[in-house]
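Q: Got a predicted structure here, sequence first:
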Amino acid sequence: MSESTGGIEMEEDMSGTVKKFAFINRKAPYGTIYALESLEVVLISAAFDQDVSLVFADDGVYQLKKGQATKAVGMKNFSPTYRALEGYDIEKLYVEKESMEARGLTADDLIVDVEVLDAAEMAALLEEQDVVLSF
Amino acid sequence: MKFGILINEGPYNHQASDSAYQFCKAAIEKGHEIDRVFFYHDGVNNATKLTEPPQDDRNIVQRWGKLAEEHNVDLVVCVAAALRRGIVEENLAPGFRISGLGQLVESGIRSDRLVTFGD
């Protein structure tokens, strides 16, 4: 990500406050900008040392699909960013089983290691979160 | 209760901004606090003063500005999303300010609830 995301300075002292943030990604990676701009928030939240989880559901599972070739549509391929998340200590990636199966995908089709949860398990995971952002 | 608000869609095209406004107004009337309204994705288009709706329609942009003025609500536009869409200081409507995505995360940390309006 090369875009400017400045303004991460804290206005008041909240050091030590760690909340559970979940980012739910529900849209295909290209076609709309949601996936790309969601990643930008995710990276910023890492700078705030929060407990971050990423959830991929519905068409959002396509964001992790191997073999994205974006040249013909003139878009920047941001797949490598998902691989880089580990470097930001973002290691909790969850994919909804039903969404993946409905699209004929398995965990082997994905560019990163994920934990596959069924809808009920996903609901339990989200129940534990303090802040849920859906893109 | 302290609320953070996230708006992900532009005005008129989508109801997100209208719903968020109604939510903020109702919450304030009930004695709650709106910590911050953060505009992201096409939501940044809520902040341009060049907007000119027909006279018999609501003015979404000015309505936000008025709410900010009357109730001291912090209206923050994401700089990266804004620059992509041509929203800059020169065409920023009164009541809004441009800042970074950290402001969204910060609002999530210090609010009791962060409520998203979008698809």
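A: Yes, it's here. Remember, predicted model here, so these are calculated numbers, not experimental data.
Q: now the residue nearest the centre of chain A, which residues is it bridged with?
A: Nearest to the mean C-alpha position of chain A, counting by C-alpha atoms, centre = their mean, stands A:L54 at 4.2 Å. Under DSSP bridges, the beta-bridge partners of A:L54 are A:F23, A:L93.
Q: pretty sure it is in contact with A:A35, am I right?
A: No - between A:L54 and A:A35 there is no contact, the gap being 11.2 Å when judged by C-beta atoms under 8 Å. In short, each C-beta sits where N, CA and C put it, glycine included.
Q: Can you check which residues contact both of these two?
A: A:N25 (C-beta atoms under 8 Å, 6 or more residues apart in numbering or on different chains).
Q: Count the neighbours of the closest residue to chain A within chain B for me.
A: Per C-beta to the nearest C-beta, B:G100 is where chain B lies closest to chain A, at 2.4 Å. B:G100: 20 surrounding residues under other C-beta atoms under 10 Å in any protein chain shown.
Q: Check the gap between it and B:A82 for me.
A: Remark: distance between B:G100 and B:A82 (C-beta to C-beta, to the nearest Å) = 11 Å.
Q: so where is chain B shaky, pLDDT-wise?
A: For chain B, not a single residue meets the criterion pLDDT under 70.
Q: Now name the helix or strand holding B:Q22.
A: B:Q22 is part of helix B:16-29, with elements assigned from DSSP states H and E.
Q: Would you mind pulling up the elements that that helix packs against?
A: When contacts are defined as 3 or more C-beta pairs under 8 Å, 6 or more residues apart in numbering or on different chains; DSSP states H and E, helix B:16-29 packs onto strand B:2-7, strand B:33-39, helix B:60-71, strand B:113-117.
Q: elements contacting the shortest one?
A: Other helices and strands packing on strand B:113-117, by 3+ C-beta pairs under 8 Å, 6+ apart, are strand A:131-134, strand B:2-7, helix B:16-29.
Q: swap in the second one?
A: In terms of contacts (3+ C-beta pairs under 8 Å, 6+ apart), strand B:33-39 is packed against strand B:2-7, helix B:16-29, strand B:75-78, helix B:102-110.
Q: Please name the strands paired to that strand in the sheet, noting orientation.
A: Within its sheet, strand B:33-39 is paired with strand B:2-7 (parallel), strand B:75-78 (parallel), according to DSSP bridges.
Q: Buried residues, that strand. List them.
A: Applying a neighbour-count criterion of 16 or more other C-beta atoms under 10 Å in any protein chain shown, one finds B:34-39 buried in strand B:33-39.
Q: Kindly report the same for the third one.
A: When neighbours are counted by 16+ other C-beta under 10 Å, the buried residues of helix B:60-71 are found to be B:60-61, B:63-65, B:67-68.
Q: pull the CA atoms of it into PDB?
A: Listed next in PDB are the C-alpha coordinates belonging to helix B:60-71 (Å, rounded to 0.1, in the frame of the first residue of the first chain):
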ATOM      1  CA  ILE B  60     -27.500  16.100   2.900                       C
ATOM      2  CA  VAL B  61     -24.100  18.000   3.100                       C
ATOM      3  CA  GLN B  62     -25.400  21.100   4.800                       C
ATOM      4  CA  ARG B  63     -27.500  18.900   7.100                       C
ATOM      5  CA  TRP B  64     -24.400  17.200   8.400                       C
ATOM      6  CA  GLY B  65     -22.700  20.600   8.800                       C
ATOM      7  CA  LYS B  66     -25.600  21.900  10.900                       C
ATOM      8  CA  LEU B  67     -25.600  18.800  13.100                       C
ATOM      9  CA  ALA B  68     -21.900  19.300  13.700                       C
ATOM     10  CA  GLU B  69     -22.300  22.900  14.600                       C
ATOM     11  CA  GLU B  70     -25.200  22.500  16.900                       C
ATOM     12  CA  HIS B  71     -24.100  19.400  18.700                       C
END
